[in-house]
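>>> this is a predicted model, with the sequence first.
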Amino acid sequence: MENKEKGFRIAVLSGKGGTGKTLVSVNLAALQADSAYVDCDVEEPNGHLYFPMEKEAKTQVYSPIPQVNDDLCNGCRECVDFCRFYALAYINEKVKVFENICHSCLGCGLVCPTNAITFNNSTVGTVSTGKHQGIHVYSGSLEIGKASGIPIIKELLKKSHKEKRLVMTDCPPGSACIVMESIKDADYCVLVAEPTIFGAHNLALVHELVSLFHIPYGVVLNKCTDSKNPSEKYCEENKIPILAKLDFDPELGKLNSDGKIVVWEKEEYRTIFEEMASRIAKEVGHETVVGIER
Amino acid sequence: MKQLLVLSGKGGTGKTTVAGTFVELSQAKAVADCDVDAPNMHLVLKQANAPERFDYMGMDKALIDSETCINCGLCQRNCVFDAIDFLPSTNENKDQYKVSDFGCEGCGVCVYVCPVGAVSMMPSVDGALELFRNGRVFSTATLKMGSGTSGKLVSEVKQNLIKAAPKEGFAILDGSPGIGCPVIASISGVHMVLVVAEPSVSGLSDLDRIVATASKFQTPVALCINKADTNKEKTEEIRRYCQNNQIPLVGEIPFDQKVVEAVNQGKTMAGETGPAGIAIRDVYEKTMGVFWRIQGSNELR
């Protein structure tokens, strides 16, 4: 039970969106009586559509943005020269701040010799928490037009870290910095892949990523048909454990596209996901981690 | 160069399939893949010759010289990105501060606060740019794992295209998923965005956010629905969304197993005769109609 007491974190990722990452993570979370689900895809969050929150608590996430006091500024331009993100410019004898490209490193405030720079909190997005049918839901949302969701992901992870239960983390697509943030503290990674050459190519990218982080992992092959499956071939060649194969099924697709939790809708899908969960438990080597309690 | 960008909010909606098919149908001589996190366009646009390659220099990264470092910890305390780790001594090493490979954003604060000059900024290769010239100019790139500067790389992919094909009048760009910095960099300067949407609760939510992002940059948007027959009610909702927001709906593509087969053979849908192939050619005609009408009206202004 040791793992369970400090919470066990499973990150679900894919080289690209649309592979069924959210389908896998919400349904695995839904198998457990009191699991937690964290949606780190703050650019296009979808998990809350499957787990609409009862009594949702919303908090704003802020980043400190420089504010220049023109009376104190002596026009030395130290701040402008320091900023490697080109977020500051000296125009018409005033320092102008380009808020949307500021990385909030606070460096300009450090270098200013006249203390003309202070920092104001600017909203970058929100974090919502709540429960749906006993599942603890965490969801973040980046404000339109803002460049980086990292402060929101950090806040989501900080909040969900206190969880002492199974935590399913639904990662953003791709393999860039925001994905790294999401998987950094994961105990296990589930990679979801489509049966196309796109799917196999993207799988190879995330495979490289989880290998870099030395996190144990396995693959769920989604939308399988009778045709050749380049992703499956990739798994075999690279000796990656296949946790489950989900067949292409219009009925599952329809339920999922309507925002339904398929393991709650049909016994047949419940069995499929329970098998997936027990396979993960076996891979992790800890039967209690993904116990089936609901 | 008039640029048409294909976006979707989320990957997997068929963006690359649509963009690749458009490239063949239009015989566009200038093409870019702006999805630098997981580029796929090269898989359907087969190239006869090897590309020219360039290193992509991302932001410089901090490096701490452990000989000079006096372990004061000021760098760690001032790094807002939590990118500096303290490693306790081992048999081989004394206590030391180390910059993590992935956390450093290259702001230079650690260099500034270090009292003994132990930190310096080092150039960092964060990926590779590739430029193919095989009858058409195709600009693409791959970002190194976990690098945080994908917006900057997208801008360089586009600059490479414009520099290599300065006289081309029309370009097709395949966008990246999401609404963050790479997407903003993709949208910047394009003349129209074609959104590929999927009929699902997720698809509707993503669609709304990507349209809002494009509107923020005052870029005109047209929309097509892919896999339109997989959820008729949601397709109807997207149609209503287009009507309510005055977004031209340029067509609906049915689900067709032939798309997967074509993709797996490294082909676009341009020559396919199945339902999706027919629909996508219709989407292409309508999209270009809207595109050139908008350009015409812009030039009249």
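Yep, it's here.
>>> give the contact list for A:Cys112.
A:Cys112 is in contact with A:Glu78, A:Cys79, counting by Cβ atoms under 8 Å, 6 or more residues apart in numbering or on different chains. The way it works is simple: take the backbone N, C-alpha and C, and place the C-beta from them, glycine included.
>>> quick one: A:Thr123 is in a strand?
Yes: counting by DSSP: H, G, I helix; E, B strand; the rest coil, A:Thr123 is located in a strand.
>>> what sits against the residue in the stretch 1-150 of chain B that chain A sits nearest to?
The nearest approach of the stretch 1-150 of chain B to chain A comes at B:Gly12, 1.4 Å away (Cβ to the nearest Cβ). Neighbouring residues of B:Gly12 by Cβ under 8 Å, 6+ apart: A:Lys16, A:Gly17, A:Gly18, A:Thr19, A:Glu194.
>>> mind putting those residues in JSON lines, neighbour count included?
Below are the contacts of B:Gly12 laid out as JSON lines (neighbours: other Cβ atoms under 10 Å in any protein chain shown):
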{"residue": "A:Lys16", "neighbour count": "30"}
{"residue": "A:Gly17", "neighbour count": "28"}
{"residue": "A:Gly18", "neighbour count": "27"}
{"residue": "A:Thr19", "neighbour count": "29"}
{"residue": "A:Glu194", "neighbour count": "27"}
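>>> and the strands in chain A?
Along chain A, the stretches classed as strands by DSSP state E are A:8-13, A:36-39, A:54-68, A:88-91, A:94-97, A:117-132, A:135-142, A:166-170, A:188-193, A:217-224, A:242-247.
>>> between the ones you listed, which gets nearest to chain B?
Relative to chain B, the nearest member of the strands of chain A by Cβ to the nearest Cβ is strand A:135-142, separated by 6.5 Å.
>>> so in that sheet, which strands flank that closest one, and in what orientation?
Partners of strand A:135-142 in the sheet, by DSSP bridges, are strand A:36-39 (parallel), strand A:117-132 (antiparallel).
>>> related to what we said a few turns ago, which strand or helix spans the residue of the stretch 1-150 of chain B closest to chain A?
Secondary structure assignment for B:Gly12, by DSSP states H and E: no helix or strand.
>>> tell me who's in contact with the closest residue to chain B within the stretch 1-150 of chain A.
As assessed by Cβ to the nearest Cβ, chain B sits closest to A:Gly18 within the stretch 1-150 of chain A, at 1.4 Å. Shown in contact with A:Gly18 (Cβ under 8 Å, 6+ apart): A:Pro173, A:Glu194, B:Lys10, B:Gly11, B:Gly12, B:Thr13, B:Glu198.
>>> what about A:Ile144, how many residues close to it?
By the criterion of other Cβ atoms under 10 Å in any protein chain shown, A:Ile144 has 17 neighbours.
>>> check the one 5 residues further on too.
Using other Cβ under 10 Å, A:Gly149 has 29 neighbouring residues.
>>> swap in B:Val125?
Summarising burial for B:Val125: neighbours were counted as other Cβ under 10 Å, giving 11.
>>> list phi and psi for it.
Dihedral pair for B:Val125: phi -80, psi 110, per degrees, to the nearest 10.
>>> dump the residue contacts of it.
Contact analysis of B:Val125 by Cβ under 8 Å, 6+ apart lists B:Asp55, B:Tyr56, B:Met57, B:Gly58, B:Lys144.
>>> then A:Asp258?
The contact partners of A:Asp258, by Cβ under 8 Å, 6+ apart, come to B:Ser200, B:Val201, B:Asn231, B:Glu233, B:Lys234.
>>> what helix or strand is the fourth one located in?
When you say that, I think you mean B:Glu233. Element membership for B:Glu233 (DSSP H and E) is helix B:232-244.
>>> so which of the contacts of B:Val125 are in strands?
Among the contacts of B:Val125, the members falling in strands (DSSP E) are B:Asp55, B:Tyr56, B:Met57.
>>> give the bridge partners for the second one, please.
Here B:Tyr56 shows beta-bridge partners B:Gly127, assigned using DSSP bridges.
>>> how about the contacts made by A:Phe51?
Residues in contact with A:Phe51, defined by Cβ under 8 Å, 6+ apart, are A:Val26, A:Ala29, A:Tyr37, A:His132, A:Gln133, A:Ile135, A:Val137, A:Ile261.
>>> check those residues for burial and list the buried ones.
Neighbour-count burial (16 or more other Cβ atoms under 10 Å in any protein chain shown) applied to these gives A:Val26, A:Ala29, A:Tyr37, A:His132, A:Ile135, A:Val137, A:Ile261.
>>> run through the bridge partners of the third one.
Going back to what we said before, that points to A:Tyr37. On the basis of DSSP bridges, A:Tyr37 is bridged to A:Val137, A:Met168.
>>> leaving out sequence neighbours, find the closest residue to A:Glu275.
Spatially, and ignoring its direct neighbours in sequence, A:Glu275 is nearest to A:Ala244 (6.6 Å; Cβ to Cβ, 6 or more residues apart in numbering or on different chains).
>>> quick one on the thing from earlier: could the strands of chain A go into a markdown table alongside mean pLDDT?
Shown next, in a markdown table, are the strands of chain A (pLDDT from 0 to 100):
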| stretch | mean pLDDT |
| --- | --- |
| strand A:8-13 | 93 |
| strand A:36-39 | 96 |
| strand A:54-68 | 95 |
| strand A:88-91 | 96 |
| strand A:94-97 | 96 |
| strand A:117-132 | 96 |
| strand A:135-142 | 96 |
| strand A:166-170 | 94 |
| strand A:188-193 | 95 |
| strand A:217-224 | 95 |
| strand A:242-247 | 94 |
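>>> so where's the chain shaky on pLDDT?
All of this is about chain A. Low-confidence segments of chain A (pLDDT under 70): A:1-6, A:286-294.
>>> the chain in question should be chain B.
Applying pLDDT under 70 to chain B picks out residues B:298-301.
>>> ok, back up a step: quick check on the residue of the stretch 1-150 of chain A closest to chain B: phi, psi?
When read as degrees, to the nearest 10, the backbone of A:Gly18 gives phi 80, psi 0.
>>> show me where chain A has helices.
Applying DSSP state H to chain A gives helices spanning A:2-5, A:21-31, A:47-50, A:78-82, A:107-111, A:150-160, A:177-183, A:197-213, A:230-237, A:250-257, A:262-265, A:267-284.
>>> repeat for the stretch 151-300 of chain B
Applying DSSP state H, counting those that start in this stretch to the stretch 151-300 of chain B gives helices spanning B:181-187, B:201-216, B:232-244, B:257-264, B:275-300.
>>> which element is B:Ala62 on?
Using DSSP H and E, B:Ala62 falls within strand B:61-64.
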